[in-house]
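Peer 1: Generate coordinates for the sequence data below:
(one chain, ligands or ions: 1)
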Amino acid sequence: DLLVVGSANADLVIDVERRPGAGETVLGGDLAVHPGGKGANQAVAAARLGARTALLARVGDDGHGRLLLDSLRTAGVATAGVLTGGAPTGVALITVDPSGDNSIVVSPGANGRLTPGDVRDADRLLRTSRVVSAQLEIPLETVVEVVRRLPEGGRFVLNPSPPRPLPREVLAACDPLIVNEHEAKVILGGAAAGDAPEDWARSLLAEGPRSVVVTLGAEGALVASAADADEARDGDGEGDGVEVARVAPVRVDAVDTTGAGDAFTAALAWRLGTGATLAEAAGYAARVGAAAVTRRGAQESFPTGAEVGAP
Ligand code: ADP
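Peer 2: So this is what the prediction gives:
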């Protein structure tokens, strides 16, 4: 079973002719309210694919919180771990101009009140999960507590978004650490050994994770891990005991890439829990991410397992 630990936000979106400057008021189109936040997105994406999924998160005792609970339950996510209260539900205020550029203000709200104590109280959820997937839209100390309480044999997957330097303890638990180019650069903080994604993958692996996935948008992804003994002896030319493999991109007509990374991570985490290898899981995740970019929105764009086809 998959446990996602992370954020739940209401995305409030208004289309505008142009975004307002300081002291200015502009009129926009009708308000659209969408369930979002990386934690809720990942949980919904996994459940749609058919994964038994639970979410550990915190929302406010308000209408946005009820909207999120509703969308999670509709997707089939177990919501006993979605705690209520402490602050208003997290919100992203999004304005979008005609060219598609957006400006976003995020109020973390209740997401910022998901504490290490909440993780301790969710011990039963943690113990029954094969894979635990987290992001960084909740306090880092909460993610640290998750890492400390992983069950024996449990696997930890982290998408460090929004990115920040990570303690060694968290990096060492990641199997894999999943990053896009921007996240890779922030985590490495100038420690990248070169310009190619393969170089970032190797540099990231040297920081401690057991495995690394670099997502490359329309170019697909890369997976990197320590080579097993045989491959280390044969070598892949680099002789550093690291195996890096490309995950072929899936060609689609992209309409909106919002949520692609969340769908990719959810799919990968689920497949790992079923015993798939990292390369197999990433191949499936690339099909899920590609499907998600063919439709508008985040959660609305996530495919069902039937749409993606057999893993
Ligand atoms: P993020 O949203 O975190 O920046 P990416 O944009 O790299 O993540 O997307 C995650 C994954 O989704 C990619 O690795 C790829 O598999 C898939 N994907 C994203 N954009 C496209 C696209 N235009 N065409 C096909 N697949 C895509």
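Peer 1: which one is the closest residue to the ligand within the stretch 1-150 of the chain nearest to, not counting chain neighbours?
Peer 2: Of all residues in the stretch 1-150 of the chain, K38 sits closest to the ligand, at 9.3 Å by C-beta to the nearest ligand atom. (C-beta placed from N, C-alpha, C; glycine too.) Once flanking residues are discounted, K38 sits nearest to Q135: 4.2 Å by C-beta to C-beta, 6 or more residues apart in numbering.
Peer 1: Tell me how many other residues surround the one you found.
Peer 2: Number of residues near Q135 (other C-beta atoms under 10 Å) recorded here: 25.
Peer 1: Next, give phi and psi for the spatially closest residue to I104 that is not a sequence neighbour.
Peer 2: Computed as C-beta to C-beta, 6+ apart, the closest residue to I104 that is not its neighbour in sequence is I94, at 5.0 Å. Backbone torsions of I94, given as degrees, to the nearest 10, read phi -120, psi 120.
Peer 1: who does I94 bridge with?
Peer 2: V13, I104 (DSSP bridges).
Peer 1: In contact with it: list those residues for me.
Peer 2: D11, L12, V13, I14, N102, S103, I104 (C-beta atoms under 8 Å, 6 or more residues apart in numbering).
Peer 1: now L67
Peer 2: A10, V33, P35.
Peer 1: Write the PyMOL selection for whichever of those are buried.
Peer 2: Here is the PyMOL command that selects only those of the contacts of L67 that count as buried (16 or more other C-beta atoms under 10 Å):
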select buried, resi 10+35
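Peer 1: What pLDDT does the model give the spatially closest residue to G85 that is not a sequence neighbour?
Peer 2: The spatially closest residue to G85, leaving aside those adjacent along the chain, is D61, at 5.0 Å (C-beta to C-beta, 6+ apart). Confidence at D61, expressed as pLDDT, is 98.
Peer 1: doesn't D61 fall inside a strand?
Peer 2: No: using DSSP: H, G, I helix; E, B strand; the rest coil, the assignment for D61 is coil, not a strand.
Peer 1: thinking it is in contact with T84, fair?
Peer 2: Yes: if you go by C-beta atoms under 8 Å, D61 and T84 touch, sitting 5.2 Å apart.
Peer 1: Take the contacts of L67 and keep only those in helices.
Peer 2: Among the contacts of L67, DSSP state H puts none in helices.
Peer 1: Let's have the contacts of L67 in JSON lines, adding distance to A47 and pLDDT.
Peer 2: Output for those, formatted as JSON lines (distance: C-beta to C-beta, whole Å; pLDDT from 0 to 100):
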{"residue": "A10", "distance to A47": "19", "pLDDT": "98"}
{"residue": "V33", "distance to A47": "21", "pLDDT": "97"}
{"residue": "P35", "distance to A47": "13", "pLDDT": "98"}
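Peer 1: among the contacts of L67, which are in reach of the ligand?
Peer 2: Applying C-beta under 6 Å from any ligand atom, the subset of those adjacent to the ligand is empty.
Peer 1: Closest one to L72 out of the contacts of L67, please.
Peer 2: Closest approach between the contacts of L67 and L72, by C-beta to C-beta: P35, at 7.7 Å.
Peer 1: nearest residue to the closest one other than its sequence neighbours?
Peer 2: Of all residues not flanking P35 in the chain, S71 sits nearest, at 3.9 Å (C-beta to C-beta, 6+ apart).
Peer 1: any idea whether the residue nearest to P311 when sequence neighbours are not counted is helix, strand or coil?
Peer 2: Excluding its sequence neighbours, the residue lying closest to P311 (C-beta to C-beta, 6+ apart) is Y284, at 4.8 Å. The three-state assignment at Y284 reads helix, by three-state DSSP.
Peer 1: how many neighbours does Y284 have?
Peer 2: Neighbour number of Y284 under other C-beta under 10 Å is 23.
Peer 1: Pull the contacting residues for it.
Peer 2: A267, L268, R271, A276, V308, P311.
Peer 1: And it, how far from the ligand?
Peer 2: The spacing between Y284 and the ligand, counted by C-beta to the nearest ligand atom, to the nearest Å, is 10 Å.
Peer 1: What segments of the stretch 51-200 of the chain are strands?
Peer 2: Applying DSSP state E, counting those that start in this stretch to the stretch 51-200 of the chain gives strands spanning 53-59, 82-84, 90-96, 102-107, 131-135, 155-159, 174-179.
Peer 1: now the ones you listed in a markdown table, with distance to D240?
Peer 2: Listed next are those as a markdown table, based on distance: least, C-beta to C-beta, whole Å:
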| stretch | distance to D240 |
| --- | --- |
| strand 53-59 | 36 |
| strand 82-84 | 43 |
| strand 90-96 | 41 |
| strand 102-107 | 39 |
| strand 131-135 | 28 |
| strand 155-159 | 23 |
| strand 174-179 | 18 |
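Peer 1: can you tell which of the ones you listed is closest to L204?
Peer 2: strand 174-179 (6.3 Å).
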